[in-house]
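> A structural model of the following input is requested.
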Amino acid sequence: MKTIHISLFAAIMIMVSSCQSNKMTSIEGKVKRETLGVTTKMAGRILKIYVSEGDQVSKGDTLAVLELPEVKTKISQAKGAVLSADAQFSMAKNGATDNQLKQLAAKQKALNEQLNFAEKSYSRIQKMYKDSLVSGQQYDEVFAKLQGAKAQYAAVQAEWAEAQKGVRAEQKLMALGQKDRALGALDEANVAYSERYIIAPADMSIETIALHEGELATPGYTLFNGYLMNSTYFRISIPESSINQYKKGDVLELTTAFGNQKLKANLVAIKQLAKYADITSAYPDYVIGEALYELKAIPQDVAAAQQLYVNSTVLLERKK
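Next up is the predicted model:
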């Protein structure tokens, strides 16, 4: 029994010694990839989802389709406004039609006859008024009708002149502005309707899908989370006491913790970690109060690194 206890103790000491040796000779790092979130621009109900978690998609692929009934209604309204504004612009551009000119000519002729009759009536009653054959009231009534006939005839002459000359330039510009405004509203509605398609912005792998078909997506809500393809990098935390051993441009030799796969990576960035970020780092040996730095390394063999799992461990040989 005593022999068994001694053997067990020896095995434990060997394991501890092995761990300490490994801990002393290598530094842990993590496999990371750039993340990407795909959000919605318009509020709508999810009509169809075309991908599943774990799928790899290419830039431009359709990930999902939203149902946007309100936007379809706005498109119909905008099309009606464009038709109305286009008709107004054509009317202002082309001026009066032949039928309108005929109507104005007939109106002018009728008012001219009315004016002639009013002038004759006034001429007769003026003579009778001088001979005291009619009262002042009758004279005033005929005189008022003459003035009204003159005013109506002057108005129709102005209408005829304007119709012959054409619409004012200001009215044409106003009609053109209304047409452009209606076309802009239609373009805006069409752009909004095109947002029903949720498109992959880059080559990526889908990690999580936040909603299901039939659920309502609000503007800015992240529907899909994923990793950018070929964006693998290694993140290694180094204590302040060892940071001078590394410089940007170094080639680091890394080994996967499980599988012993050898990888070479180019050191592209060194930055100090804030205190609140220490807990998320791989823990190096460091003295309490000692600053931590992060090494960011890009693998030379991108295809091989793409096969590694995110947040898996890699080991960097400690420099002596």
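
> What mean pLDDT does the helix or strand hosting Asn112 get?
Under the criterion of DSSP states H and E, Asn112 resides in helix 98-130. Along helix 98-130, the predicted local confidence has a mean pLDDT of 79.

> relative to helix 98-130, how tilted is the helix or strand just after that helix?
Toward the C-terminus, helix 98-130 is succeeded by helix 136-165 as the next helix or strand (DSSP H and E). Interaxial angle, helix 136-165 versus helix 98-130 (axes from the mean of the first three to the mean of the last three Cα atoms, to 10 degrees): 160 degrees.

> going on from helix 136-165, what's the next piece of helix or strand?
For helix 136-165, the following helix or strand on the C-terminal side (DSSP H and E) is helix 169-194.

> Parallel or antiparallel, list what pairs with the helix or strand following that next one.
Heading C-terminal from helix 169-194, the first helix or strand you meet, by DSSP H and E, is strand 197-199. For strand 197-199, the paired strands and their directions (DSSP bridges) read strand 62-67 (antiparallel).

> Using PDB, write out every CA atom in the partner strand.
Listed next in PDB are the C-alpha coordinates belonging to strand 62-67 (Å, rounded to 0.1, in the frame of the first residue of the first chain):
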ATOM      1  CA  THR A  62     -28.200  36.600 -50.200                       C
ATOM      2  CA  LEU A  63     -28.500  35.600 -46.600                       C
ATOM      3  CA  ALA A  64     -32.100  36.400 -46.000                       C
ATOM      4  CA  VAL A  65     -35.200  38.200 -47.300                       C
ATOM      5  CA  LEU A  66     -37.400  40.600 -45.300                       C
ATOM      6  CA  GLU A  67     -41.100  41.300 -45.900                       C
END
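
> in it, what counts as buried?
With burial defined by 16 or more other Cβ atoms under 10 Å, the residues of strand 62-67 counted as buried are Leu63, Ala64, Val65, Leu66, Glu67. (C-beta placed from N, C-alpha, C; glycine too.)

> again, but for stretch 43-58
Of the residues in stretch 43-58, those with enough neighbours to count as buried (16+ other Cβ under 10 Å) are Gly44, Ile46, Ile49, Val51, Asp55, Val57.

> Could you do stretch 255-263 as well?
Applying a neighbour-count criterion of 16+ other Cβ under 10 Å, one finds Thr256, Leu263 buried in stretch 255-263.

> what's the span of it from first residue to last?
Between the opening and closing residues of stretch 255-263 lies a distance of 6 Å (Cα to Cα, to the nearest Å).

> Make TSV out of the buried residues of strand 62-67 and add pLDDT and distance to Ile27.
Putting these into TSV (pLDDT from 0 to 100; distance: Cβ to Cβ, whole Å) gives the following:
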residue	pLDDT	distance to Ile27
Leu63	95	39
Ala64	95	42
Val65	94	47
Leu66	91	47
Glu67	89	52
